[in-house]
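> compute the structure for the input listed below.
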Amino acid sequence: MAVDKSLRDEVRDRYAEAARAAQAGQYEESSDCCGSGGCCGPAGAQVVKFGRDLYDATQVVDLPDTAVLASLGCGNPTAVADLHEGERVLDLGSGGGIDVLLSARRVGPTGFAYGVDMTDEMLELARANAAEAGAANVEFRKGTIEDLPFDDASVDVVISNCVINLSTDKPAVLAEMFRVLAPGGRVGVSDVVAEDGVSPEERAERGSYVGCVAGALSKQEYLDGLAAAGFTSGSVTFTHEVAEGMHGAIVKATKPAGR
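Model (predicted):
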């Protein structure tokens, strides 16, 4: 499946705008994961909070303000990834760096947290936030989640926050996640996922692509995709509804030790 470059450009533009807003000290108070009003569904669609409100205030109290302002996700992957001292963590679509900075704390000075993002403005913001936070065990690289700029088996954990649904080539993303994970590595992702009975056409009716709805996989599609990529112990757990039949979800999987 080829990447739709026009959609990718639309996503990049949207998150460049979000980065500039965060640098200006602005936060768009809305209920959708892309941070702009009206892109998570037609009038009447049920929506809940996204972004910074999904983090415990005690977690982010001493992070740079711009890292928190730039948070546009649908969950808190660092809360479910069960990170340990000394591990290497990779955040797909790292944005302003909030999940990378939180991960760096969890893995400690013997571990390392990487972020990858395709948006120059977000990378600039994330690197500034890391410098302000004094985080020495972090690195942000430019790249796409369909073609990660990392060696095979180079990280222990892959996390992501409401980004995989934005890719138009999700099999490539899942395959890349499998490739960069070391044997026995694991996935802890927050994403928007559709109920199995919601068709792709219905998903498109309930929200835009950049609004993290139209491009969402169904629960079974996610599980099948993880299995096709080689993962085991795949699970998708709904956490909160974002539109009719569409949910914020926790996605977990493991790369077999022998792979």
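
> can you show me the helices along the protein?
Listed in chain order, the helices of the chain (DSSP state H) span 5-23, 57-60, 65-69, 98-107, 120-133, 170-180, 200-205, 219-229.

> return the distance of Pro231 relative to Gly93.
One thing to correct before we go on: residue 231 is Phe, not Pro. Using Cβ to Cβ, to the nearest Å, one gets 19 Å for the distance from Phe231 to Gly93. No exception for glycine: its C-beta is placed from N, CA and C like everyone else's.

> oh, that last question was meant for Ala153, not what I typed.
If you go by Cβ to Cβ, the gap between Ala153 and Gly93 works out to 21 Å.

> contact partners for the nearest residue to Leu223 once chain neighbours are set aside?
With sequence-adjacent residues excluded and distances taken as Cβ to Cβ, 6 or more residues apart in numbering, Leu223 is closest to Gly234, at 5.0 Å. Shown here is Gly234, whose contacts under the criterion Cβ atoms under 8 Å, 6 or more residues apart in numbering are 222-223, 226-227, 251-253.

> hmm, which of the residues you listed are the buried ones?
When burial is judged by neighbour count using 16 or more other Cβ atoms under 10 Å, the buried members of these are 222-223, 226, 251-253.

> Asp151 contacts Arg179, doesn't it?
No - taking contact to mean Cβ atoms under 8 Å, the distance of 9.0 Å between Asp151 and Arg179 leaves them out of contact.

> compare those two (neighbour count), which wins?
The residue with more neighbours, out of Asp151 and Arg179 and counting by other Cβ atoms under 10 Å, is Arg179; that gives 16 against 9.

> could you list the low-pLDDT ranges of the stretch 51-200 of the chain?
Within the stretch 51-200 of the chain, the stretches with pLDDT under 70 are 51-80.

> can you show me the strands along it?
Defined through DSSP state E, counting those that start in this stretch, the strands belonging to the stretch 51-200 of the chain, from first to last, are 88-92, 112-117, 138-142, 155-161, 181-194.

> which ones are touching Ala228?
Taking Cβ under 8 Å, 6+ apart, we find Ala228 in contact with 171, 174.

> from Val163, how far off is it?
Distance of Ala228 to Val163, given as Cβ to Cβ: 20 Å.

> one more: Gly96?
Taking Cβ to Cβ as the measure, Gly96 and Val163 are separated by 13 Å.

> please identify which of the two sits among more neighbours.
A count of neighbours by other Cβ under 10 Å puts Gly96 above the other of Gly96 and Val163, at 31 against 27.

> surely the more buried one meets Leu125?
Yes - distance between Gly96 and Leu125: 4.9 Å, which falls inside the contact criterion (Cβ under 8 Å).

> next, count neighbours for the residue nearest to Ala182 when sequence neighbours are not counted.
In space, and not counting its chain neighbours, Ala182 is closest to Ala153: 4.4 Å by Cβ to Cβ, 6+ apart. Other residues lying near Ala153 total 16 when counted by other Cβ under 10 Å.

> before we move on, what about Asp152?
Using other Cβ under 10 Å, Asp152 is surrounded by 9 other residues.

> torsion angles phi and psi at it?
Dihedral pair for Asp152: phi -60, psi 140, per degrees, to the nearest 10.

> which residues are in contact with the closest residue to it other than its chain neighbours?
The spatial neighbour of Asp152 that comes closest, neighbours along the chain excluded (Cβ to Cβ, 6+ apart), is Arg179 at 5.6 Å. Applying Cβ under 8 Å, 6+ apart, we find Arg179 in contact with 148, 152-153.

> what do you get for Val155?
Val155 makes contact with 88-90, 114, 180-182, 185 under the criterion Cβ under 8 Å, 6+ apart.

> cool, Ser154 as well?
Taking Cβ under 8 Å, 6+ apart as the definition of contact, the neighbours of Ser154 are 88, 180, 182.
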